[in-house]
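**Q** let me see the structure of the following:
(2 chains)
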Amino acid sequence: GENVEQHPSTLSVQEGDSAVIKCTYSDSASNYFPWYKQELGKGPQLIIDIRSNVGEKKDQRIAVTLNKTAKHFSLHITETQPEDSAVYFCAGMNSGGYQKVTFGIGTKLQVIP
Amino acid sequence: SAVISQKPSRDICQRGTSLTIQCQVDSQVTMMFWYRQQPGQSLTLIATANQGSEATYESGFVIDKFPISRPNLTFSTLTVSNMSPEDSSIYLCSVAFLSSYEQYFGPGTRLTVT
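**A** Numbering: from 1, shown residues only, chains lettered A, B, ... in the order given. You can find the predicted model right below:
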């Protein structure tokens, strides 16, 4: 089955700086890679996703890149703000069959004002 | 997207008892899932709730411990049976649509077993 590795496990940045979280996956058949943000006491929120036929996707201050050959994908947050502080999970899914998603271990991002 | 609610939001239960968690969605969805998230950990899929048939369980999870119902396309329940302190966790419901890969999560149920 799929195995998704995520790093770093914790990340502290100054407000206004950029944050990068990296993930690798093992199943070459995986073709969908969502990113979730989980604030304390809440369920994970889908913030951006990318499909395997796309190399990069942007939405305002966040972007995701995908390197299918290397089986790497990354989340980039620019101009970080204190409200970006949360735990971020990457995930991978093989859309064949039902939509079972495999999650990384999570990255706790702290944005220091 | 979808609006998902879970009941209860939290509970404290005694060992040996059972708790049923409800998940309600504001629209008909193809797929419903139940996850467990232990404190400070990632999400682990317990099972896929299938409408009108038995749930599909992941390795390490069994129906006797986590019976699941899904009577229609907008509602599902997860029961945590014969609870022990090791069952203390956050239980999350999620949904997905046939037309999209996107999966959305409910707010979670925080369970503490004493």
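
**Q** which residues of chain A score low on pLDDT?
**A** A:95-99 (pLDDT under 70).

**Q** for chain A, what lies in contact range of chain B?
**A** A:32, A:34, A:36, A:41-46, A:49, A:51, A:89, A:93, A:95, A:98-101, A:103-106 (Cβ under 8 Å from any Cβ of the partner chain). Where C-beta positions appear, they are placed from N, C-alpha and C, glycine not excepted.

**Q** in strands, which of these fall?
**A** A:32, A:34, A:36, A:45-46, A:49, A:51, A:89, A:93, A:101, A:103 (DSSP state E).

**Q** list the contacts of residue 85.
**A** You didn't pick a chain, so chain A it is. A:Ser85 sits next to A:109-111 when contact means Cβ atoms under 8 Å, 6 or more residues apart in numbering or on different chains.

**Q** hmm, no, I was thinking of chain B.
**A** With Cβ under 8 Å, 6+ apart, B:Pro85 has these contacts: B:15, B:113-114.

**Q** about what we covered before: sitting in strands, which of the contacts of A:Ser85 do you find?
**A** Using DSSP E, the contacts of A:Ser85 in strands are A:109-111.

**Q** tabulate those in JSON lines, adding columns for distance to B:Arg10 and neighbour count.
**A** Supplementary listing: the ones in strands among the contacts of A:Ser85 in JSON lines, determined by distance: Cβ to Cβ, whole Å; neighbours: other Cβ atoms under 10 Å in any protein chain shown:
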{"residue": "A:Leu109", "distance to B:Arg10": "25", "neighbour count": "21"}
{"residue": "A:Gln110", "distance to B:Arg10": "25", "neighbour count": "14"}
{"residue": "A:Val111", "distance to B:Arg10": "28", "neighbour count": "20"}
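
**Q** so among the contacts of B:Pro85, which ones count as buried?
**A** B:Val113 (16 or more other Cβ atoms under 10 Å in any protein chain shown).

**Q** B:Asp11 is in contact with B:Gln22, correct?
**A** No: checked against Cβ atoms under 8 Å, the pair B:Gln22 and B:Asp11 is beyond contact range at 11.9 Å.
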